[in-house]
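> After the sequence you'll find the predicted model.
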Amino acid sequence: MRYLFVLFLICFTLSNTLGQENKNKSLTLKEAIEIGLKNHPDIKAAIANITASKGRYWSGISLPQPEIVYDNQFISANKGLGNERTLSISQSFEFPSIYFLKGSKYSKAEEITYFQLKLIERNLTTKIKTAYYKVLAKQNQLKIAEENLLITEDFLKKSEIRQNVGEGTNLERLTAKVQFSEAQNNLEISKNELKTAFAELNYTLGFGNQTIDSVYSLQDSLHFVDYSLNTSQFNKIFEINNPQIKIAEINYDISNVEKSLAVSSYLPKINLAYLSQTLDNKSGFHGFNVGVSVPLWFMFEQNGKIQEASANQSISENILQLTKNDISINLKNSITDYENNLRQVKLYLEDILPQSEEIFRTASKSYEVGELTYLEYLQAKQTLNISKNNYNNAIFNYYQSIFKIEEIVGQNITNK
C-alpha cells in the first residue's frame, strides 16, 4: 500500500510539473502576430479569395465553346438522289481587343484581392497588438488590486488592534473593514476583466475553444518607450501604403477599363465556320463561312452601356477621393490622440506618479508613529492607487494610438 502511495505521489508531481511547464509556454507579441496571421479564418478566407480570382481571370478571357454539328439528310431514291451528310464546326468570338481589355480588368480584380489580404493583415495585426497589450494592462491592474488588498487587510488588522488597546476608534475599524471588502471586490473584478482580455486575444489569434491563458505566459511588458514619431512624414506615405486607398485606386482603374469595354461594344462579333460535305457517298465538298454581327440597335444597347460605364467611372473617382479624405482625417485624429496620450504618460511618469508614491511613503511612516489618522492614510493610499491605474490606462492608450497609426500608414512603427 505504501508503494502505491509513493507511485501516486510521483505521478501527481510529474503531471503537475508538466502542466506548469505547459502553462509557462512563452508567447511574445511577435509570436502572437505570427500565429494570428497564420491561423485566423479571415486570413485563410482572403488567401482562398486570391486563388478564386485567378480562376475568374481564366474563365473571363476564355472563348465561347465551339459548336460541332453533324447533319445526315435522306432523300427519296425515286428523285434520283441518295443521302447528304454534312459535318460543320463553328467558333464565335468577340473582337480581339476586347479580350485584352477583359484580361486587364480581371488582372486588376486579382490585384484587389491581394490588397484585401493586406488590409485584413493590417487590421488583424492592430487587433492582436491591442488585445495583447490589453492583457498586459489588465495583469498590471490585477497586481495593483492584489497590492491594495494586502494593504487594506494589514491595516484592518492594525485598526482592530488599535481599537482593542484604546488607540483607535470604531469608525476607523469600520472604515478599514469597508475598504477591505471593496478591495476584495475590486480584485474579483480585475480577475474577470483579465479573463475577458485573454478571451479577446484568443479570438484575434483565431483559436476556438482553446483558452490561451491556460497555455501561454505573455513575455512582453507594458512599459513606456518614447518612439519620437515624426508625424509629418505620415501624411506623405499613407496614400502609398494604405490598402484601402490601393483598392479604391484599382477600382477606379477597373471603371476606366469597363468604359473602354462599353465603347468596344460597337465592334462586331465574329463567327467562323468550316464544313465538310458528302453527297451520295461522294466526298470532297468543303465550305468556309465568316460572319460578323452588326450593332444595328446601337442607340439602345451600346449607348446605354457607355452611359452606365461613364457614370460608374465618375462614382469610382468620387469614392477614391472620399476614401483618401476619410483616411486622412482618421490619420490626423490618430496623431492627435498619440500626442495627447504621450503627454499623459510623461505627465504621470515624471510628475504625478513619483509625487503619489512619495505622499504614500510619508503617510505610511506618519501613520505608524501615530501622526496621521487612518482616514488620512487612506486618502494617501487611494491617491497612489488612482495614479497607478491612470498611468496604466494612459500607457495602454498610448500604444493603442500608435497601433492605429500603423494601421493607417500601412507599416510598422514599433518594429513588433
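Looks like it arrived, so ask away. Residues are numbered from 1 along each chain as shown.

> Go ahead and report the secondary structure state at the most centrally placed residue in the chain.
The centroid of the chain falls nearest to residue 124 when counting by Cα atoms, centre = their mean (2.3 Å). The three-state assignment at residue 124 reads helix, by DSSP: H, G, I helix; E, B strand; the rest coil.

> Kindly indicate whether residue 223 is helix, strand or coil.
coil.

> Report pLDDT for the closest residue in space to it that isn't next to it in sequence.
Nearest residue to residue 223, sequence neighbours excluded (Cβ to Cβ, 6 or more residues apart in numbering): residue 395, at 7.6 Å. Using the backbone N, CA and C atoms, a C-beta is placed for each residue, glycine as well. Residue 395 is assigned a predicted lDDT (pLDDT) of 94.

> hang on, isn't residue 395 packed against residue 225?
No. Counting by Cβ atoms under 8 Å, residue 395 stays clear of residue 225, with 9.7 Å between them.

> Which of those two has more residues huddled nearby?
Higher neighbour count among residue 395 and residue 225: residue 395, with 24 against 11, using other Cβ atoms under 10 Å.

> Let me see the contact set for that one.
In this structure, residue 395 makes contact with 137, 222, 223, 224, 345, judged by Cβ atoms under 8 Å, 6 or more residues apart in numbering.

> Separate out the buried members of those.
Buried subset of the contacts of residue 395 (neighbour count, 16 or more other Cβ atoms under 10 Å): 137, 222, 345.

> out of everything not next to it in sequence, what's closest to the first one?
Put plainly, it is residue 137. Of all residues beyond its chain neighbours, the one nearest residue 137 is residue 396 (4.2 Å), with distances taken as Cβ to Cβ, 6+ apart.

> and the one you found, what does it touch?
Under the criterion of Cβ under 8 Å, 6+ apart, the neighbours of residue 396 are 133, 134, 136, 137, 222.

> one more time with 10 Å
With contact set as Cβ atoms under 10 Å, 6 or more residues apart in numbering, residue 396 has these partners: 130, 133, 134, 136, 137, 138, 140, 141, 222, 341, 345.

> Excluding chain neighbours, what is closest to the second one?
This points to residue 133. residue 399 (5.2 Å).

> Top of the contacts of residue 396 by number of neighbours, please.
Within the contacts of residue 396, neighbour counts (other Cβ under 10 Å) peak at residue 133, which reaches 26 neighbours.

> surely that residue meets residue 222?
Yes. Here residue 133 reaches residue 222: they are 6.1 Å apart, a contact under Cβ atoms under 10 Å.

> Common neighbours of those two, please.
With Cβ under 10 Å, 6+ apart, residue 133 and residue 222 have common neighbours 395, 396, 398, 399.

> follow-up on the earlier one: so what does the residue nearest to residue 223 have for phi and psi?
phi -70, psi -30 (degrees, to the nearest 10).

> Report the residue spans of the stretch 201-350 of the chain with pLDDT below the cut-off.
209-214, 280, 296-300 (pLDDT under 70).

> need the helices for it, in chain order.
Shown for the stretch 201-350 of the chain, the helices assigned by DSSP state H, counting those that start in this stretch span residues 231-241, 243-264, 301-347.

> Relative to residue 32, which of these is closest?
For the helices of the stretch 201-350 of the chain, proximity to residue 32 was assessed by Cβ to Cβ; helix 243-264 is nearest, at 21.4 Å.

> show me the contacts for residue 120.
Neighbour list for residue 120: 37, 40, 42, 43, 45, 46, 47, 49, 243 [criterion: Cβ under 10 Å, 6+ apart].

> Format these as JSON lines; extra columns: secondary structure and neighbour count.
Listed next are the contacts of residue 120 as JSON lines, based on DSSP: H, G, I helix; E, B strand; the rest coil; neighbours: other Cβ atoms under 10 Å:
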{"residue": "37", "secondary structure": "helix", "neighbour count": "17"}
{"residue": "40", "secondary structure": "coil", "neighbour count": "21"}
{"residue": "42", "secondary structure": "helix", "neighbour count": "15"}
{"residue": "43", "secondary structure": "helix", "neighbour count": "17"}
{"residue": "45", "secondary structure": "helix", "neighbour count": "12"}
{"residue": "46", "secondary structure": "helix", "neighbour count": "19"}
{"residue": "47", "secondary structure": "helix", "neighbour count": "13"}
{"residue": "49", "secondary structure": "helix", "neighbour count": "16"}
{"residue": "243", "secondary structure": "helix", "neighbour count": "20"}
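
> you'd agree residue 207 is up against residue 38?
No. Using Cβ under 10 Å, residue 207 makes no contact with residue 38, being 11.9 Å away.

> ok, the two, which is more surrounded?
The neighbour comparison of residue 207 against residue 38 (other Cβ under 10 Å) goes to residue 207, with 17 against 11.

> Tell me how far that one lies from residue 130.
Applying Cβ to Cβ, to the nearest Å, the value for residue 207 to residue 130 is 17 Å.

> Quick check, residue 302 in contact with residue 264.
Yes. Using Cβ under 10 Å, residue 302 makes contact with residue 264 at a distance of 9.5 Å.
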